[in-house]
Each structure stands twice: as C-alpha cells, then as structure tokens.
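Novice: here are the coordinates; sequence isn't available:
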C-alpha cells in the first residue's frame, strides 16, 4: 500500500462543503475536492485487508454489501496513495462506466462495508473515485471506444438513464450500432430530471454524452415508444412516437431501460386538489425550467408568475417520503423560497448507531441526516422529519390544497401473516397548513403501456420478468435492465445491470462475448 500504517496515522478528512447559508442561494454543486496531498493521505488509510468487503457487491441479510460493480477498491486506493492517478483511472475504467455519476450520487456501499470502518471512520473511497475521474477529464484521459470494425448488428436501447447508457456504451465498443431512444427532450433519464442540479450538475452528464456521440452512439430524444402501429396512428405528431413493432422489426435486439417510472400514490380524500405533485415530476419540471432558461429563471425569484417560484415561494410544503427523493425535494423547496418544509416518514426513526441485529458488514440501518435536512435545520431551526406519520386527508380551498390532516402510526403485528404493519393511532389526527404537497413514496415498477407494447411478462411487483441472473425477457430479442428489471434502486446497481446485460446481448448476437 501507499503507507502500510496510514489507517493508524491519519484521521478521515472529507472534502470541503459549501455552508448551508451560501449553498441554498443557488442550484450549484456544493461538494468540493481535497488537495492532492490530502487526497493521497486519505487513500493511504486503506488497510489492504485480507477480505475486501468494499468490492464484494454481495447481498447480506437482504441488503447489498460492497460495490455492485466490483471495483477493485484497495488497488485503486493504492494507486491514488502513490499519486498514480492516470493508472488509477485506467484501472477504474475496466469495471466502471461512469465514475463521475456515482462519485456524486452513490450512497457509497463500498464505504459502508469498509473494514477500517468497523472500529473507526471508513476510507473515503467515494471521494477517491471522484478525484480519479475528475483528474482523468482534466487531463484528456476519458475517451469512448470508437470501433474500427462494425458487426452490422443494430441494437435499440429504450431509455437513457444509467442502465441504458451503460449498456449502450459497452455494446458500441464491441462494434454494434446502438441507438438510444429517450422520451424526454434531453438525455439522462433520472440522472437528468430526477436528481437536482446541486447534487449532480447536468454539465457532468453532457460531457459524457458528447464523448458517446463522438464514438458513434445515436441518441434520439423526444421520442416515445408506444404499443403498436395502430396506437401510434392516433398521435398528432407521428415523428415523436415509434411503435414496439417497428423497433422489433428494425433492430436485432431491444433493451428496455425505462426505469421504475410508475410512482406510488397517496389515495386519501382531497387527493385531486391542485398543488399536489409526484416528487419526480416536480423535480423534473424544476430542472427543465432551470436548463431551458440557462439558470436565468433564478433572476426572477420575486416574479410570482415565474415557475418554479410561483409554486413554492412563500408556501408551506409537505414532502411525503423519507428517502433520497424526499430529501431532494426538501433541498429544492428551500432554494425556491418555501416558508416551511415538513417531511413525513411512515416508519420509526432509525437508531443513531448499529444495533446488535445489524452488524458490520451489513448495510447500516441507522439515522442519516442528508443535505436537505441539514439545510432545513439551518433555515427553520429544526429537523423537518416527522416519523410514524402519514396524511389522512388533504384540505382544499377552492380547487387548491391548503392543508392536510396528519395521523400518527404505530407498528402492529398482523395475526394472519405475522407481518408488522404501520396502522393509524386513534385520536392522533391534527391539521397542518400546506399549499404544496410532494409525494415521494417510491415507485411501483414499470409503466404498463411499455410492457404491454412489447408483450413482456412482469412479476408481482410489475417489474419485467427474467430468469434469475439474466436480462432476456419472455420475448426473444427483448432484454431489460435497471429499475425496470429490479425495481427502484441505486444508480450504481443500474450501471452494473447495464454492463451485465450488454454482455448477454452480445453473446446472444455473436455466439460469444469479449466484453
């Protein structure tokens, strides 16, 4: 290793972060980078342990432990510790398609399984990864493979999120002709419109897409894939739709990477009121407004008619859901001038430290205070989260939401199934003010018009069904990857699935694969 006793001599030091007071004034990324010397020290904290759980990517007690991409973490840390960032990038690029995405938005499964983290702070693997990939971009090392020979095989990828991009990248490098279809106006899927700009600046996506286009991948945006030619004929602008039949006829393989795009709803009285959005729709609309105006919309903060300020500025906001998307909603609404933000979580508050039933290297089921909650604490003086609580009814003023009746929940065992359910506590109702509600309660699976269009089988959770460990659907020549396949998950899992699916498609088309 760079320094065998580094983990004993150096404490963990994280990269600088812009203070809440300043970062809530804009939508810029707020995580900085360490200088080269300090980054080397942080990499030298790696213990080079005998069993590196950080790179295992296995399921333990139903939860992931270590990197699903199987990045060779100790090897990367050693190279960073030695100052060999060019070699580190070459090593990382073998297993990873887009380190610039995961080094910003991944919850760092590698760090949660770090042996050093058993008794002290884990190695800062995520920031080491960011140092590697940003060095590579700054020094012109990042290149996409432009094949010298094409196979003549044509592949359609439906969806341009991380799984679709990863599959397209590898299949193009093999020499296949790849076309990526995206129904939105810009490439990136949830990377673009599901993750706020302060968490993942969209220029980071654009620089990668530019390289992929130069390598021969075709991107067709604003094109929706619908069920059939007959269905397509019903649309006014036929150029913006393509049928499943046409894709199957024109391409040798089709990869469905459409995500888990079916949001879970809250079905209570008053749900039809205006001012209630699915979180992902709202976040996407905000990002689109920012991008369309080249961020000049921020100069119109005092214009009550300018979206997104017209929806948020001066409003009491309720965010339903305690996950990453809910947290993103909290941070976004604070930047847009909300008067208050309340975040509801159905489940009990997690413990601050691991319990005996949740030992290392399992994923730590502990309390996490993310950037949005930090900003709410700064802005409003308290944590926005209320646990064991949900909405019983929305209150309307005219056609618009103006409040909500909340109810407390308690765990109760179902005598028939033995499962613990969260049930309402009688008499615990209370009414709160709310002029904007964002539902971030997760997703139920793939969208029916896509699965029906391709006539693929789905499982009980409406994810597209495949054999375990495979990506081929019930239809020959049709494959699926990412959230559409495994359900709502992480960017790193999506990239992993995209790479593995590319290998399977390549083998089926060519009889073997060297990917």
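Specialist: Yep, that arrived. The shown structure was predicted, so the numbers you read here are calculated from the model rather than taken from an experiment.
Novice: residue boundaries of the helices in the stretch 401-515 of the chain?
Specialist: Secondary structure of the stretch 401-515 of the chain by DSSP state H, counting those that start in this stretch: the helices cover 448-454, 483-486, 491-510.
Novice: Report the rounded mean pLDDT for the first one.
Specialist: Right, helix 448-454. Across helix 448-454, pLDDT averages out at 93.
Novice: so after the helix or strand hosting residue 131, what's the next helix or strand?
Specialist: Element membership of residue 131, judged by DSSP states H and E, is helix 125-138. Downstream of helix 125-138, the first helix or strand assigned by DSSP H and E is strand 154-158.
Novice: Please work out which residues outside that next one touch it.
Specialist: The contact list for strand 154-158 (CB atoms under 8 Å, 6 or more residues apart in numbering) reads 164, 167-168, 171, 176-181, 225, 247, 250-258, 450, 505. C-betas here are computed from N, CA, C, even on glycine.
Novice: by contact count, what packs against the host helix or strand of residue 102?
Specialist: Using DSSP H and E, residue 102 maps to helix 99-105. In this structure, helix 99-105 packs against helix 125-138, helix 202-214, helix 491-510, with contacts taken as 3 or more CB pairs under 8 Å, 6 or more residues apart in numbering; DSSP states H and E.
Novice: Swap in 10 Å and give it another go.
Specialist: helix 85-95, helix 125-138, helix 162-174, helix 190-193, helix 202-214, helix 491-510 (3 or more CB pairs under 10 Å, 6 or more residues apart in numbering; DSSP states H and E).
Novice: Tell me the confidence at residue 494?
Specialist: Reported pLDDT for residue 494: 97.
Novice: ugh, typo on my part, it should be residue 442
Specialist: pLDDT for residue 442: 92.
Novice: what's the distance between residue 324 and residue 440?
Specialist: 9 Å (CB to CB, to the nearest Å).
Novice: whoops, residue 35 was the one
Specialist: In this view, residue 35 and residue 440 are 37 Å apart by CB to CB.
Novice: go on, residue 37?
Specialist: Applying CB to CB to residue 37 and residue 440 gives a distance of 40 Å.
Novice: Look at the two and report which has more neighbours.
Specialist: Using other CB atoms under 10 Å as the criterion, residue 37 and residue 440 rank with residue 440 on top: 26 against 8.
Novice: Next up, phi/psi of the closest residue to the more buried one other than its chain neighbours, please.
Specialist: Closest residue to residue 440 apart from its sequence neighbours, by CB to CB, 6 or more residues apart in numbering: residue 321 at 3.2 Å. Here is the backbone geometry of residue 321 (degrees, to the nearest 10): phi 130, psi 130.
Novice: Settle this for me: residue 321 is touching residue 343, isn't it.
Specialist: Yes. Counting by CB atoms under 10 Å, residue 321 touches residue 343, with 7.6 Å between them.
Novice: Neighbour count: those two, which is higher?
Specialist: Per other CB under 10 Å, whichever of residue 321 and residue 343 has more neighbours is residue 343, with 25 against 21.
Novice: Give me the phi and psi angles of that one.
Specialist: Residue torsions, per degrees, to the nearest 10, at residue 343 are phi -110, psi 120.
Novice: what packs against the longest strand seen in the chain?
Specialist: Scanning the chain for the longest strand, with DSSP state E as the assignment, gives strand 400-413. Contact partners of strand 400-413 among helices and strands, from 3+ CB pairs under 10 Å, 6+ apart: strand 276-278, strand 316-320, strand 340-345, strand 385-387, strand 389-397, strand 420-424, strand 430-433, strand 436-439.
Novice: if you set the cut-off to 8 Å instead, what comes out?
Specialist: Applying 3+ CB pairs under 8 Å, 6+ apart, we find strand 400-413 packed against strand 389-397, strand 420-424, strand 430-433, strand 436-439.
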